[in-house]
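K.L.:
Quick one, fold the following:
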Amino acid sequence: MILLILGLLSFEQPEDSAVYYGMDMQWSTFSRYWDDCYDTSLSAFRTAQGSHDMFYWYQRFEGKVEVPFARIMSIRYTIQGKNDLDTSCSRHRLDLGLRFAPNLRAHLVISPFYYKRYDELGTGLSWRKDNANWLYLYAIMQGFNHNNSMRHVRPGPERDPYSTLPFRFELDSRGELGWLRARLHGELGTHSAQYLDWPDSTWYTWERDHDRSCVWGRVEVKPLDGLRVGSRFSWLRDRALTRWPEQDSLIADTLSEGWVEPYVSWSPTERLELLLEHRFWRTYRGMDSLTYRRDYNLFMGLISWQPARWLLLQAGFQNQWRYRYNDEELIAEPWSGIHERARLVFNVEFRFSSGFMFVIHEGIKLTCFPQETFRRPHNHTYVEIYMPLNAPLSSGQRIGDK
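P.N.:
Numbering: from 1, shown residues only. Take a look at the predicted model:
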């Protein structure tokens, strides 16, 4: 009983309530084939959606459209969004490109937000040899409209202008050789500073410092025909510090999250693939009152068979180990005490000649086998959709075609 009470009172991240969250995020990550199709298309849309629990859906979507005009100019519109247990956000971005030399472009970008104080404005340069090999560099001013948007806001708790605006430097690239594929995206955020513009208040006067950076990508090599070895990776750090100088107090919060996922893929025939991947995933949150850490080990093995050019069938196994800590003290799993979970996975993917693709993921419980498996076998369903928005892609390719 004491362990149950302590478990209920421990600090948790919002997504901790979904006990299969790690495995869900692993199988809802777009496949390498879908990544290559999306990255090498000028215009496309894709989404992944599924059930977290009885109350919430997981939703992720991203799209892009690029059209040329006036011979040396182009305009690209991108949209990204995510609804998760700890996140609900979307971003629109308009990118005007001007070609000033072969394969070289200058860019002007703007991202409007519903709340104007979050608007972004920036510039950049790019080199694009073709749709498979490119490099973009951007410098983005974040919240450039923040101070202006509150000109008519009276001094008070809502008036929090920047004394130092945040900037973000972005790198987005992809490269491909006969035996190598690499994808890299990085964002480096600078420190920003805000203050409370409320002269009549002493207790609520504060200063805030914040910065955010991230990097993600994939590296894959093909040492032999039919054999691919590689790894995905992702890292994020978000830091905030709020001070009350008169009270000699502060609130600090640093969120750091990173994972690496090495994998091996072997295709003995053009219709068959064996895939093994293991994700090491750590989330760390350091606050002025305590520290929180969550470690995931996620294993997945899949066998893929493509009986027709338009159909791909997959079956496999997932295993998850989850351990959470408050100040290095292990948090007991509150309801079952089980740190390890497993399930069977079955996927059906359709690849139509138009380039449209559709995937259904279905899980079958293996934890507490056989009682739970036969009593309530269903364990989450996820779907993914891919739509080309330009000329039809060369879709329906067999596993070894990419």
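K.L.:
Against which helices or strands is the host helix or strand of residue 95 packed?
P.N.:
Using DSSP states H and E, the element containing residue 95 is strand 88-101. With contacts taken as 3 or more C-beta pairs under 8 Å, 6 or more residues apart in numbering; DSSP states H and E, strand 88-101 sits against strand 73-83, strand 104-111. Glycine gets a C-beta too; all of them are placed from N, C-alpha and C.
K.L.:
Spit out the contact partners of residue 365.
P.N.:
343, 372-373, 376-379 (C-beta atoms under 8 Å, 6 or more residues apart in numbering).
K.L.:
ok, of the residues you listed, which come out buried?
P.N.:
Buried by 16 or more other C-beta atoms under 10 Å: 343, 373, 379, out of the contacts of residue 365.
K.L.:
which of these has the weakest pLDDT?
P.N.:
Note: of those, the lowest pLDDT belongs to residue 373, at 71.
K.L.:
Which secondary structure state does that one sit in?
P.N.:
Counting by DSSP: H, G, I helix; E, B strand; the rest coil, the backbone at residue 373 sits in helix.
K.L.:
Could you write out the alpha-carbon coordinates of stretch 155-174 in PDB?
P.N.:
Below are the C-alpha coordinates for stretch 155-174, written out as PDB (Å, rounded to 0.1, in the frame of the first residue of the first chain):
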ATOM      1  CA  PRO A 155       0.900  46.900 -17.500                       C
ATOM      2  CA  GLY A 156       0.100  43.700 -15.600                       C
ATOM      3  CA  PRO A 157       0.700  39.900 -15.600                       C
ATOM      4  CA  GLU A 158       0.000  39.700 -19.300                       C
ATOM      5  CA  ARG A 159       2.600  42.200 -20.300                       C
ATOM      6  CA  ASP A 160       5.900  40.300 -20.700                       C
ATOM      7  CA  PRO A 161       8.100  41.900 -23.400                       C
ATOM      8  CA  TYR A 162      11.400  40.500 -24.600                       C
ATOM      9  CA  SER A 163      14.600  42.300 -23.600                       C
ATOM     10  CA  THR A 164      16.500  39.800 -25.800                       C
ATOM     11  CA  LEU A 165      14.700  38.200 -28.700                       C
ATOM     12  CA  PRO A 166      15.300  34.500 -29.400                       C
ATOM     13  CA  PHE A 167      16.900  33.300 -32.600                       C
ATOM     14  CA  ARG A 168      17.100  29.900 -34.100                       C
ATOM     15  CA  PHE A 169      19.700  28.600 -36.600                       C
ATOM     16  CA  GLU A 170      18.600  25.700 -38.700                       C
ATOM     17  CA  LEU A 171      20.400  23.100 -40.800                       C
ATOM     18  CA  ASP A 172      18.400  20.700 -43.000                       C
ATOM     19  CA  SER A 173      20.200  18.300 -45.300                       C
ATOM     20  CA  ARG A 174      20.100  15.000 -47.200                       C
END
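K.L.:
Can you give me the buried ones in that stretch?
P.N.:
Applying 16+ other C-beta under 10 Å to stretch 155-174 flags 160-162, 165-170, 172-174 as buried.
K.L.:
how far does that stretch sit from the chain's center?
P.N.:
Its chain's average C-alpha position is 21 Å from that of stretch 155-174, according to C-alpha atoms, centre = their mean, to the nearest Å.
K.L.:
picking up where we left off before, is it possible to get TSV of the buried residues of stretch 155-174 that adds pLDDT?
P.N.:
Converted to TSV, the buried residues of stretch 155-174 look like this (pLDDT from 0 to 100):
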residue	pLDDT
160	89
161	91
162	93
165	94
166	94
167	96
168	97
169	98
170	98
172	97
173	97
174	97
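K.L.:
okay, those in JSON lines with secondary structure and distance to residue 388 next?
P.N.:
Converted to JSON lines, the buried residues of stretch 155-174 look like this (DSSP: H, G, I helix; E, B strand; the rest coil; distance: C-beta to C-beta, whole Å):
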{"residue": "160", "secondary structure": "coil", "distance to residue 388": "43"}
{"residue": "161", "secondary structure": "coil", "distance to residue 388": "44"}
{"residue": "162", "secondary structure": "strand", "distance to residue 388": "41"}
{"residue": "165", "secondary structure": "coil", "distance to residue 388": "38"}
{"residue": "166", "secondary structure": "coil", "distance to residue 388": "35"}
{"residue": "167", "secondary structure": "strand", "distance to residue 388": "34"}
{"residue": "168", "secondary structure": "strand", "distance to residue 388": "30"}
{"residue": "169", "secondary structure": "strand", "distance to residue 388": "31"}
{"residue": "170", "secondary structure": "strand", "distance to residue 388": "25"}
{"residue": "172", "secondary structure": "strand", "distance to residue 388": "20"}
{"residue": "173", "secondary structure": "strand", "distance to residue 388": "22"}
{"residue": "174", "secondary structure": "strand", "distance to residue 388": "18"}
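K.L.:
now the helices for this structure?
P.N.:
Using DSSP state H, the helices of the chain run over 2-9, 21-27, 32-39, 146-149, 371-375.
K.L.:
Quick check: which of those helices is nearest to residue 15?
P.N.:
Nearest to residue 15, of all those, is helix 21-27, at 4.9 Å by C-beta to C-beta.
K.L.:
for the record, mean pLDDT for that closest one?
P.N.:
Across helix 21-27, pLDDT averages out at 93.
K.L.:
One more: stretch 296-316?
P.N.:
For stretch 296-316, the mean per-residue pLDDT is 97.
K.L.:
how about that stretch: buried residues?
P.N.:
296, 298-300, 302, 304, 306, 312, 314, 316.
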